[in-house]
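> Quick one, structure for this:
(one chain, ligands or ions: 1)
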Amino acid sequence: MNFFDFSFSTLGDPIRDLSAFDCGRKEINKFFQKDALDYQNELFSKTYLLSPRNDLDKVAAAFTVANASIFTRMLPNSRQKKVSYEVRHSKGPINYPAILLGQIGVDTHFAGHKLGAQIIEFVAQWFSSQENKSGCRYLIVEAYNEDRLLSFYAKCGLKPVFNDIEQERIYRHLDDDKPLETRLLYRDLILFRRKSIRN
Ligand SMILES: CC(C)(COP(=O)(O)OP(=O)(O)OC[C@H]1O[C@@H](n2cnc3c(N)ncnc32)[C@H](O)[C@@H]1OP(=O)(O)O)[C@@H](O)C(=O)NCCC(=O)NCCS
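Prediction:
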């Protein structure tokens, strides 16, 4: 299944019926069906849909992106170093610009054909391309803390900012009885432009 076999559109333009969309996770279905347009109208995020070219009434996948930052100033030194690994000259204590993949869902009828992975590759290239009108150094995701999902994202080049779960709990100010529900993942998009400076 190739990303480019799908018609790509912005949520609401044209209007597509998302009522049958089911990625297997109720809260994400609900976001796309009920909330995403409101977020978009408020300029908080933008949602894109993929429909099979031969069946435009279907929605095969949806994803939402928003401008974001990696708040490096709030990270422990070791994490700052990890995230800055490919930064050529230290930029001082600035926050690093990023694109947040806020939501992603592939309808279960289209699952397991690498559509999710291709969407992530597309977003990473799109926001690091010359056409992007602002600086965007990283792709970030707040991923559910589930092994299968984390390994999906790892295959898509997204690594956890925190290797150590305890450190991530501290960063998020979590009480001892609260589970770590999401993990902050990142991918450095500079590697689309140049080879690693460490090689
Ligand atoms: C995660 C998701 C977008 C992957 O899309 P996809 O097109 O099916 O994935 P790909 O074919 O590119 O990759 C398959 C990998 O995704 C992972 N995966 C697939 N379905 C999954 C599911 N239901 N839950 C968690 N991980 C899943 C597996 O690691 C799989 O790897 P494998 O082939 O080695 O088993 C899709 O499963 C989905 O929409 N899930 C529900 C919504 C969701 O959890 N979104 C992410 C929130 S952080």
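
> hey, C-alpha coordinates of the one helix or strand G105 maps to in PDB?
Taking DSSP states H and E as the criterion, the element that holds G105 is strand 96-106. Once side chains and other backbone atoms are set aside, the C-alpha atoms of strand 96-106 remain, and they are given as PDB (Å, rounded to 0.1, in the frame of the first residue of the first chain):
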ATOM      1  CA  TYR A  96      14.100  23.800  19.700                       C
ATOM      2  CA  PRO A  97      11.400  24.100  17.000                       C
ATOM      3  CA  ALA A  98       9.400  21.000  16.200                       C
ATOM      4  CA  ILE A  99       6.400  19.600  14.500                       C
ATOM      5  CA  LEU A 100       4.100  17.600  16.900                       C
ATOM      6  CA  LEU A 101       2.400  14.600  15.300                       C
ATOM      7  CA  GLY A 102      -0.500  15.100  17.700                       C
ATOM      8  CA  GLN A 103      -2.700  12.200  16.500                       C
ATOM      9  CA  ILE A 104      -2.400   9.400  14.000                       C
ATOM     10  CA  GLY A 105      -4.900   6.700  13.100                       C
ATOM     11  CA  VAL A 106      -5.100   4.100  10.400                       C
END
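
> gap between it and the chain center?
The chain centroid and the centroid of strand 96-106 are separated by 3 Å, computed with CA atoms, centre = their mean, to the nearest Å.

> Which SSE is immediately downstream of the helix ranked longest in the chain?
Selection of the longest helix in the chain by residue count, based on DSSP state H, yields helix 115-127. Per DSSP H and E, the first helix or strand lying C-terminal to helix 115-127 is strand 138-144.

> That following strand: partners in the sheet, and parallel or antiparallel?
In its sheet, strand 138-144 lies beside strand 96-106 (parallel), strand 182-188 (antiparallel), with partners assigned from DSSP bridges.

> returning to what we had before: check whether the strand holding G105 contacts the ligand.
Yes. Counting by CB under 6 Å from any ligand atom, the ligand is contacted by strand 96-106 at 104-106. Bear in mind the C-beta positions are built from the backbone N, C-alpha and C, glycine included.

> what is the mean pLDDT for that strand?
Averaged across strand 96-106, pLDDT comes to 98.

> which parts of it are buried?
In terms of neighbour count (16 or more other CB atoms under 10 Å), strand 96-106 has its buried residues at 96, 98-106.

> so it versus helix 115-127, what angle?
Per axes from the mean of the first three to the mean of the last three CA atoms, to 10 degrees, the angle that strand 96-106 makes with helix 115-127 is 150 degrees.

> then stretch 136-153 to PDB, C-alphas only?
Coordinates of each C-alpha in stretch 136-153 appear next as PDB, following Å, rounded to 0.1, in the frame of the first residue of the first chain:
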ATOM      1  CA  CYS A 136      11.400  23.000  12.100                       C
ATOM      2  CA  ARG A 137      14.200  20.800  13.400                       C
ATOM      3  CA  TYR A 138      12.400  17.900  15.100                       C
ATOM      4  CA  LEU A 139       9.400  15.700  14.700                       C
ATOM      5  CA  ILE A 140       8.000  14.900  18.100                       C
ATOM      6  CA  VAL A 141       5.200  12.500  19.400                       C
ATOM      7  CA  GLU A 142       3.600  12.000  22.700                       C
ATOM      8  CA  ALA A 143       3.200   8.300  22.300                       C
ATOM      9  CA  TYR A 144       1.100   6.000  24.500                       C
ATOM     10  CA  ASN A 145       3.500   4.100  26.700                       C
ATOM     11  CA  GLU A 146       2.800   0.700  25.100                       C
ATOM     12  CA  ASP A 147       5.600  -1.600  23.800                       C
ATOM     13  CA  ARG A 148       4.000  -2.300  20.500                       C
ATOM     14  CA  LEU A 149       3.400   1.300  19.700                       C
ATOM     15  CA  LEU A 150       6.900   2.400  20.900                       C
ATOM     16  CA  SER A 151       8.400  -0.300  18.700                       C
ATOM     17  CA  PHE A 152       6.300   1.000  15.800                       C
ATOM     18  CA  TYR A 153       7.600   4.500  16.400                       C
END
